[in-house]
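In: Pasted the sequence and its predicted model underneath.
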Amino acid sequence: MNPLLQDYNTAPFTKIASEDYKPAIKKGIEIAKAEIDAIVNTKEAPTFKNTTEALDYTGEKLNRITSIFFNLNSAETNDAIQRIAQEVSPWLSEFRNDITLNEALFARVKSVFDDRKNLNLNAEQQMLLEKQYKGFARNGANLNHEKKSQLREIDTKLSKLSLKFGENVLAETNAFEMHLTNEDDLAGLPESVKEAAQQLAKEQNKEGYIFTLQYPSYIPFLTYADNRELRKKMAIAAGKKAFQNNKFNNEKIVLEIVKLRQERANLLGYKTHAHFVLEERMAETPEKVIEFSNNLLSKAKPAAKKEFENLEKYAKKLDGIDQLQKWDGAYYSEKLKKELFDLDQEILKPYFKLENVIDGVFEIANRLYDLNFEEVDTIEKYHPEVKTYNVTDNDGNFISVFYADYHPRKGKRNGAWMTSYKSQQIKNGINERPQVSIVCNFTKPTATKPSLLTFNEVTTLFHEFGHALHGMLANTTYNSLSGTSVSWDFVELPSQVLENWCYEKEALELFAKHYETGKVIPMKYVEKIKESASFHEGMQTLRQLSFGLLDMKWHSENPSEITSIKDFEKEAFAATSLYPDVAENCMSTAFSHIFQGGYSAGYYSYKWAEVLDADAFEYFLEKGIFNKEVATKFKDTVLSKGGTVKPMELYKRFRGQEPKPDALLKRAGLL
């Protein structure tokens, strides 16, 4: 029997073989179609219960199977899984269209929607009905037959292209390695970085040291290696991922994706893909996003230019460098930061042993939200490195299953993310609790040292855990409105707000303890961490804004005339670039957030949410960072409510007012 088609509570990872996925997904689609048919074919008149609610409960089996499959395609993939993904993605895209373009089903949904004033629905039911109706209308339900087939064709192509895009980026990441045998080439690198590189070489039965484009290898090399030529080699290799003359080139794919997205938006009656996407976000229009970005840009640019000039002077004074290049930025920034704040990332790392940081984030979750985490070995894992937990509240009620996967592997894409294997919902009077996972790529333990995190990795862990809390604490009736099912410019608030605790003495004392001596991190370091938090914030802000503006340029203009991706990108970066351009590099061909993930026309939301998080954290600071009253209010108005209420309304319930950018500008030292 196919394990994916059995009834199971948590994913039966150890029992699944690759060949189980296709038949399971096929069967899952059949079951879901039968559930849809039951709604359409009932003789009863359409009601909220037999149509709106029934539709929300369809496809559960399929959702569970596909969440397992696609989560593994990101975290533990292989050739077989990638081949299956290419095959099943069009099926799923077709199935989604079968629902949204099903005229009889839409007629029922529309009938309930048109009668909504007479139905005496509560706020959550109204939201479900509105989102469901818009989901149909915004995905072609009102189109004629010919246009519906066009839409299906576009969606099928897009699902295959974004998968291919991601596979190419992963292949290019894995294809490059720099093998060094001369000790002199390692000058400047911390011992821990050398040890990790040596371990990598040993795993391949090679002498010396291997450096790769995986972040725990690549970023320390660019930050610390004295050898400028080797930094250049690494930076150029990273920058030309999927922009080389080989079978993994993504240029055509990028152009195809943006043109198809534009075509799709036009088909649905929208000017551009960005107009389509933003209609359902807090920001509402591309014009608003561009205005928001340019407003921040005008505040950050003078600071960024000044920071850059100072960095250039510093590099010239230190090493006689006339022109700073992209492979110099991290290196001289780190040196200057060390000089200004007497703060060395390597001095901090012993205080951030991974296990201690995990305990710390759990303790903070307990103090704020009464959560307890118990590591268990009764939950199946997809890889031995994964940790599994049962999460309960202080009264012993079961809250969630939590998976955590921390280190890089060949089959795992770069970066860090939160995902889920099962959403929370209340069905037949039972509150079905969620199963949430975070996946990261942190420095691995070596033969002599545990996994010691950089401060940047600490904030990343807190960030993803903030998303996880949003998933775990979900408490809504309908799974489509549950947890992180909120607009994308609101979804980063829970994650980004939690990062603030990493800078607070009261929180750091809980977990920042030296892995050998157990001594708490000296307060002078905490002060320096806080002082240096806004170091080069102008340049950092410019960088984030440049990505958001590139995304907007791809998606808020008509792309039909674009022939050169590189030229288009240079133009998009004109207002934000500080470093000279590198001819053989291109960002768009590896910009997975917008061409593989769900951030197209949405990358601005990181900055948007920073405004929210700085404003929200200011409230915690006023009352105390572990203030129970504020924490409970945040849990009740933001973390547990999912997408049941419009985001701005939720925010105002928490804060009592709309967010102001002042707190962010103050925190960033840009006021």
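Out: Perfect, I can see it now.

In: List the residues that contact the residue lying closest to Leu578 once chain neighbours are set aside.
Out: In space, Leu578 comes closest to Phe308 once its chain neighbours are excluded; the distance is 4.6 Å by C-beta to C-beta, 6 or more residues apart in numbering. Glycine gets a C-beta too; all of them are placed from N, C-alpha and C. Phe308 sits next to 324, 539, 578 when contact means C-beta atoms under 8 Å, 6 or more residues apart in numbering.

In: tell me which of the residues you listed is nearest to Lys553?
Out: Within those, distances to Lys553 taken as C-beta to C-beta reach their minimum at Leu578, with 18.4 Å.

In: Could you give the number of residues near that closest one?
Out: The number of residues packed near Leu578 is 21, by other C-beta atoms under 10 Å.

In: element containing it, please.
Out: Taking DSSP states H and E as the definition, one finds Leu578 inside no helix or strand.

In: per-residue confidence at it?
Out: Looking at Leu578, its pLDDT stands at 97.

In: before we move on, the earlier item: just the element for the residue nearest to Leu578, please.
Out: Under the assignment given by DSSP H and E, the secondary-structure element containing Phe308 is helix 286-319.

In: what's the spacing between that helix and its chain's center?
Out: For helix 286-319, the distance from its own C-alpha centre to the chain's C-alpha centre is 25 Å (C-alpha atoms, centre = their mean, to the nearest Å).

In: helices and strands around whichever helix or strand comes after that helix, which ones?
Out: Scanning forward in sequence from helix 286-319 by DSSP H and E, the next helix or strand is helix 326-341. If contacts are counted by 3 or more C-beta pairs under 8 Å, 6 or more residues apart in numbering; DSSP states H and E, helix 326-341 sits against helix 215-224, helix 228-239, helix 286-319, helix 523-532.

In: how about the closest residue to Lys232 other than its chain neighbours, what does it touch?
Out: Nearest residue to Lys232, sequence neighbours excluded (C-beta to C-beta, 6+ apart): Trp327, at 4.7 Å. Contacts were defined as C-beta under 8 Å, 6+ apart; by that measure Trp327 touches 222, 228, 231-232, 234-236.

In: now do Pro494
Out: Counting by C-beta under 8 Å, 6+ apart, Pro494 touches 466-467, 469-470, 638-639.

In: so of these, which ones are in helices?
Out: Among the contacts of Pro494, the ones falling in helices (DSSP state H) are 466-467, 469-470.

In: Now tabulate the contacts of Phe308 in CSV and tack on distance to Ala175.
Out: Shown next, in CSV, are the contacts of Phe308 (distance: C-beta to C-beta, whole Å):
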residue, distance to Ala175
Leu324, 29
Met539, 30
Leu578, 29
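
In: about what we covered before: among the ones in helices among the contacts of Pro494, which one sits closest to Ser333?
Out: Nearest to Ser333 among the ones in helices among the contacts of Pro494: Gly466, at 26.1 Å, using C-beta to C-beta.

In: So the closest one is in contact with Val491, correct?
Out: No: taking contact to mean C-beta atoms under 8 Å, the distance of 10.2 Å between Gly466 and Val491 leaves them out of contact.
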